[in-house]
Each structure stands twice: as C-alpha cells, then as structure tokens.
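In: Structure, please.
(chains A and B)
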2 protein chains.
Amino acid sequence: MGRMDDEARASLARLIRAQRVAALGTLRAGAPLVSMAAYLPEPDFSAFWLRVSRLAWHTQDMLSDPRVSLAIIETDDGRADPQTLARLTLRGSAAPLAEAGAQSTAESAAQFKRLRAAWLARFPESAITFELADFAFWRLTPADARYVAGLGRTHNLSAEALRALAA
Amino acid sequence: MGRMDDEARASLARLIRAQRVAALGTLRAGAPLVSMAAYLPEPDFSAFWLRVSRLAWHTQDMLSDPRVSLAIIETDDGRADPQTLARLTLRGSAAPLAEAGAQSTAESAAQFKRLRAAWLARFPESAITFELADFAFWRLTPADARYVAGLGRTHNLSAEALRALAA
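Out: All right, here's what the predicted structure looks like:
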C-alpha cells in the first residue's frame, strides 16, 4: 500500500479519462448486482455522472438503496498477464439530478444543460435518451477510491485525494 | 425481453469465451464493492472460477458473505455508441475450493489439478499464485444471468439456460 508517486497519480487520472464505460455495482434485494454503465467524470473527479433509464435494474436498485460502487478497468489489450491491467474502484452514493418538476431549481437546470452538452459530446449516439422520459442523470459521489495499478501496487484514496489528481 | 434466438445464444457464448477479466461485485459491510477479477469458465458454463488472494478485499468479502455478481463486458472498441457493447451479469454464490487440509478429498484434489492446468494455460503469468499460500480457487456458481446484447435487447436466463448455451 505505497504512497502514490507522480507517475501513479498521472496514470490514474489517465485511466479515468480514457475509459467510457464502467462496471456499476448496486444492491438488489441486499445482494450485489454488477452491470455496465457509461460514465462522465466531472473534470475535478468530484462526481461521476451516469445517464440511466428508470426501467433498468440498476436504476431501480439505486432508487431503493443509494450505495454503489463503480469499477473503471483498463481495456484488456491481450497482454500476457491481465493482472497488470490498471483498475479503479469507487465506493459512494448515487442520487438522481432533479431535471424538472418540484425539485428543479435554476441551479439544477443550468447543471442539466451543462451535463447534456458534455454527455452528447462524449456519447453522440445517446441523443435519444434526451427525448425519452425514463432517462435521467445520476450523480455518483465517491466516498473513497482504491486504485490497483498492477499486482501488489494498490493505493487507497480519499475522495479529496481523488479530486487532487484532477489538477 | 425477447426470447433468445440462435444468434443471441451464440454471441453470448462467444462473449463468455472471448473475455478474460470480469467485474466482480461483492458485499463489504453490506455495501457493494466492484473489483476486477480474471476468470475461467467451466466448459459447460456451470461455474466460473476465480483465483484470488486471501489478502484481497473481494476475497475477504466473499468469506463473510457468499453472494456475488460477475459482469463480463465486451471490450470497448471505441465504437460510436458504447451502449451497444454486449454484457452479461451473473448473480450467484462463491465458495473456495478445498485444496488441502481436512476438507480436501480425492475428488477436490483431482479438480484442483485440472483447474490448475486450465488456469495456467489461460494465464501463464500466474504461476506464482500456485507458490503463494494466500491464493485459492473460488467457484462462482450462477443462480441466474442477464444478457444485454445492446440497447433494448435484454435476455434473462436461468442457470440451466446458461449451461444449455455451452453445448
């Protein structure tokens, strides 16, 4: 559990920015459920945004229990030893962004507009999700993080340390 | 939630066989934790084997609660829409293989020998894990499965239906 040097910090920031999809862990009847989710990191890594359908199991799960985990795993390039693939595990809580209705505010409306533009820039094929009423942004706020840069190279990070990486 | 046609069945079997690493969901203090795990499917998909260290968080989690989920996600090839990536979610339970000691039997010894050969063929760089006392095989037995072949193409499978795919 070494202290992260500059190289490890930079490689973690690259991993977060290079990947587009992650493995989302939710609780379903108290048991773990892992599904795929496209994500958009806040530029300062203070939050990871998902855009999910209310019809999806993971969304139902987050509605009933906000505790989630998100794993961002380096793309398997077929190397000899896949244990050397870098991966990040976030643990935290998820909450929907209030886009409309009673909970909506000028602030959340502006946030939605900004997120929509960023999401569409990242996932241009997802425009349809902005026409369907069952999709919403969910904010995943990390409580902590665990970065495995390879066998035996594991680093635990606070949410604050994660944000410091983005600088 | 359509009935799986032959093409969907074949694509799911291909996904399971093509990937090497999966996202493992465990319970840690009742909350989800998702980490990366290399896996070896039984040829008949009746089980998915992991080889993990007792020192790893996910192993500690499985020791305290056997409920797990495993997501096998198609490699992101940079396509325009990552939502079309195929992915499988397994839910089930995990148990260690008794390799030695009081719980060991002639049957489990033979199974260990077979698994070791298959594991080393798949992960030749992992030979070291057979010299370290903290590593063991864990059997993940699926209770059910959920295959998302792309947006809106979701199939639920029983463990029996999953085994039938392998034929």
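
In: Tell me the confidence at residue A:167?
Out: Looking at residue A:167, its pLDDT is 81.

In: Please read the previous query as pertaining to residue A:105.
Out: The per-residue pLDDT reported for residue A:105 equals 81.

In: Same question for the one 4 residues further on.
Out: pLDDT for residue A:109: 88.

In: Would you mind identifying the next helix or strand past the helix or strand harbouring it?
Out: Counting by DSSP states H and E, the element that carries residue A:109 is helix A:106-122. Next in sequence after helix A:106-122, counting helices and strands by DSSP H and E, comes strand A:135-148.

In: and that following strand, average pLDDT?
Out: Average pLDDT, strand A:135-148: 97.

In: so what strands line up beside the next helix or strand after that strand?
Out: Heading C-terminal from strand A:135-148, the first helix or strand you meet, by DSSP H and E, is strand A:154-158. Looking at strand A:154-158 with DSSP bridges, its partner strands are strand A:135-148 (antiparallel).

In: quick one: the strand it pairs with to helix A:106-122, angle?
Out: 70 degrees (axes from the mean of the first three to the mean of the last three Cα atoms, to 10 degrees).

In: Could you give me the buried positions within strand A:135-148?
Out: Neighbour counts over strand A:135-148 (16 or more other Cβ atoms under 10 Å in any protein chain shown) mark A:135, A:136, A:137, A:138, A:139, A:140, A:141, A:142, A:145, A:146, A:147, A:148 as buried. (Each C-beta comes from the backbone N, C-alpha and C, glycine too.)

In: which residues does the second one contact?
Out: Residues in contact with residue A:136 (Cβ atoms under 8 Å, 6 or more residues apart in numbering or on different chains) are A:51, A:52, A:54, A:96, A:97, A:99.

In: any bit of the one helix or strand residue A:95 maps to sitting next to chain B?
Out: Secondary structure assignment for residue A:95, by DSSP H and E: strand A:87-96. Yes - counting by Cβ under 8 Å from any Cβ of the partner chain, chain B is contacted by strand A:87-96 at A:87, A:89, A:91.

In: Among the residues you listed, which one has the most neighbours?
Out: Using other Cβ atoms under 10 Å in any protein chain shown as the neighbour test, those are led by residue A:89, with 27 neighbours.

In: coming back round to it: ok, residues contacting the strand holding residue A:95?
Out: Under the criterion Cβ under 8 Å, 6+ apart, residues A:12, A:15-16, A:48, A:50, A:62, A:66-74, A:136-148, A:159, A:162, B:28, B:31-36 lie in contact with strand A:87-96.

In: Quickly name whichever of the buried residues of strand A:135-148 is closest to residue B:153.
Out: residue A:135 (17.2 Å; Cβ to Cβ).

In: what sits opposite the closest one in the beta ladder?
Out: Note on residue A:135: beta-bridge partners by DSSP bridges are residue A:53.

In: show me the contacts for residue A:36.
Out: Neighbour list for residue A:36: A:21, A:22, A:23, A:24, B:71, B:73, B:85, B:87, B:148 [criterion: Cβ under 8 Å, 6+ apart].

In: Leaving out the residues flanking it, which one is nearest to it?
Out: Using Cβ to Cβ, 6 or more residues apart in numbering or on different chains and skipping residues adjacent in sequence, the residue nearest residue A:36 is residue B:87, 4.4 Å away.

In: Show me what that neighbour is bridged to.
Out: Under DSSP bridges, the beta-bridge partners of residue B:87 are residue B:73, residue B:148.
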